[in-house]
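>>> got a predicted structure plus its sequence, pasted below:
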Amino acid sequence: MTVIESPLPAPDTVAVLGAGSWGTTFAKILADAAATAGVERRIRIWGRRARVVDQINADHRNEQYLKDIELPHAVTASTDVAEVLQDAGLVVLAVPAQSLRPQLGEWKRLLAPDAIVVSLMKGLELGTDARMSEVIAQELGIPESRVVVVSGPNLAMEIAREQPTASVVACSDADTAAAIALCCTAPYFRPYTSTDVVGVEIGGIVKNVIALAVGICEGRQMGDNTKASVITRGLAETSRLALALGGEAHTMAGLAGLGDLVATCSSALSRNHTAGRLLGEGLSLEQVAEQMTQTAEGIKSGPAVHELAGKLNVEMPITAAVVAVLEGKMSVDDLGPRLLARALKSEGDY
């Protein structure tokens, strides 16, 4: 068994930009990991809402997103992004994917010159079809070796409740991946490392679109056979796109591929699954947005995934059908027959 080790020093100050469920949960992971290792580490969260920030500081809770979960005292918060980023050797990004680029433009001058940047986001940028790690490297002007992606089955509430979870920490530089993995190794959170950033990100992006499809099936009261078929063929779609972009097949069979797909498609805690179910029950996109407190990234990234697949000549019929529903070109009643609409062939022919 290979034990994760790193020659890089661990940061003593971490900035988490985004006070939603996953950003706050990851801050908790970092604090608990440091406490377990006997290391002092300051974790500062930036949030837009003063009420959320004040509650984190005063009550050590973020009830809007994590209900009654108590946060470690090492976690503090501020609405002042400059204060949060000051001297931070590790910067964790947990903001909506489509707002990332303009926000990075504002934050760039505030980042420490040698900071490592971690993306918790699972989206594809509209208009450019860029993955979040690409947006980060482009906007901040930093090498890929300082950009890290965390992905896998990351249902925030379960992790915040300290239910055992494994995930993947990916970076083109293996030492950097190992350093960040050590920073977030908590008793209930077990990271594995990877250098396949493309595969890890594509797994996290496309699973949101497939989860919308599964949610729609559930909303239309389709059975488990249907949902299992969509999940399985959804993994095939994800793999085709990842391989076309240079990702590795074994990543798709791991935590960032199959693991994340199963969790997101199966859990009521999944925002994308919930959004799909509401669409399947007949709600409009506007009504879905009104009922949900956080972004369902599949709704935003689906068209970008579909566009990218077209550019690469990759067949993604489930994605195409979901996007047709999102764009009002197909009703949810017509989705079922389209989900598996490919020419007959061997299952092994991706």
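Thanks, I have the structure now.

>>> what about the closest residue to Thr165 other than its chain neighbours, how many residues nearby?
Excluding its sequence neighbours, the residue lying closest to Thr165 (C-beta to C-beta, 6 or more residues apart in numbering) is Ile159, at 5.1 Å. Glycine gets a C-beta too; all of them are placed from N, C-alpha and C. Per other C-beta atoms under 10 Å, the neighbour tally for Ile159 reads 24.

>>> in a strand, Ser167, correct?
Yes - applying DSSP: H, G, I helix; E, B strand; the rest coil, one finds Ser167 inside a strand.

>>> what sits opposite it in the beta ladder?
Pro191 (DSSP bridges).

>>> that one and Leu155 touch, don't they?
No - the pair Ser167 and Leu155 does not pass the contact test of C-beta atoms under 8 Å, sitting 10.9 Å apart.

>>> Val168 reaches His250, doesn't it?
No - between Val168 and His250 there is no contact under C-beta under 8 Å: 11.6 Å.

>>> longest helix in this protein, please.
helix 197-219 (DSSP state H).

>>> and the gap between the nearest residue to Cys171 once chain neighbours are set aside and Asn272?
Once flanking residues are discounted, Cys171 sits nearest to Ala177: 4.0 Å by C-beta to C-beta, 6+ apart. Remark: distance between Ala177 and Asn272 (C-beta to C-beta, to the nearest Å) = 26 Å.

>>> about what we covered before: more neighbours: which of Val168 and His250?
Val168 (28 against 11).

>>> what sits closest to that one if chain neighbours are left out?
Take Val168 and drop its neighbours on the chain: the residue closest to it by C-beta to C-beta, 6+ apart is Ala256, 4.4 Å away.

>>> cool, and Glu83?
Counting by C-beta to C-beta, 6+ apart, the residue nearest Glu83 is Arg44, at 7.4 Å.

>>> now swap in Glu327 and tell me
Among residues not flanking Glu327 along the chain, Pro303 sits closest, at 7.2 Å (C-beta to C-beta, 6+ apart).

>>> and the helix or strand containing that neighbour with helix 197-219, angle?
Using DSSP states H and E, Pro303 falls within helix 297-312. Here helix 297-312 runs at an angle of 120 degrees relative to helix 197-219 (axes from the mean of the first three to the mean of the last three C-alpha atoms, to 10 degrees).

>>> related to what we said a few turns ago, surely the residue nearest to Glu327 touches Val325?
No - Pro303 is beyond contact range of Val325, at 11.4 Å (criterion: C-beta under 8 Å).

>>> tally of neighbours for Asp32?
The tally of other residues near Asp32 (other C-beta under 10 Å) stands at 21.

>>> and what of Ile43?
25.

>>> please name the bridge partners of it.
Assessed by DSSP bridges, Ile43 has beta-bridge partners Val14, Val75.

>>> quick check: pLDDT value at it.
pLDDT, the model's per-residue confidence, is 97 for Ile43.

>>> could you check how far it is from Pro72?
Separation of Ile43 from Pro72 (C-beta to C-beta): 8 Å.

>>> which neighbours do the two share?
Here Ile43 and Pro72 share the contacting residues Ala31, scored by C-beta atoms under 8 Å, 6 or more residues apart in numbering.

>>> ok so, going back, could you look up the SS state of the residue nearest to Thr165?
Classification of Ile159 by three-state DSSP places it in helix.

>>> residue numbering should commence at 46 henceforth.
Happy to do that; since the first residue is 46 now, the last one works out to Ile204.

>>> and it, what does it touch?
Ile204 neighbours (C-beta under 8 Å, 6+ apart): 70, 74, 210, 233-234.

>>> quick one on the thing from earlier: gap between the residue nearest to Cys216 and Ser239?
From Ala222 to Ser239 the distance is 7 Å (C-beta to C-beta).

>>> now swap in Arg191 and tell me
16 Å.

>>> which one's more surrounded, the two?
Neighbours were counted for Arg191 and for Ser239 using other C-beta under 10 Å; Ser239 has more, 23 against 19.

>>> quick check, pLDDT for the more buried one.
pLDDT recorded at Ser239 is 98.

>>> can you pull out the low-pLDDT segments for this protein?
46-55, 384-395 (pLDDT under 70).

>>> phi, psi for the spatially most central residue of it please.
The chain has Lys167 as the residue nearest its centroid, 3.4 Å off, counting by C-alpha atoms, centre = their mean. Backbone geometry at Lys167, expressed as degrees, to the nearest 10, gives phi -130, psi 70.
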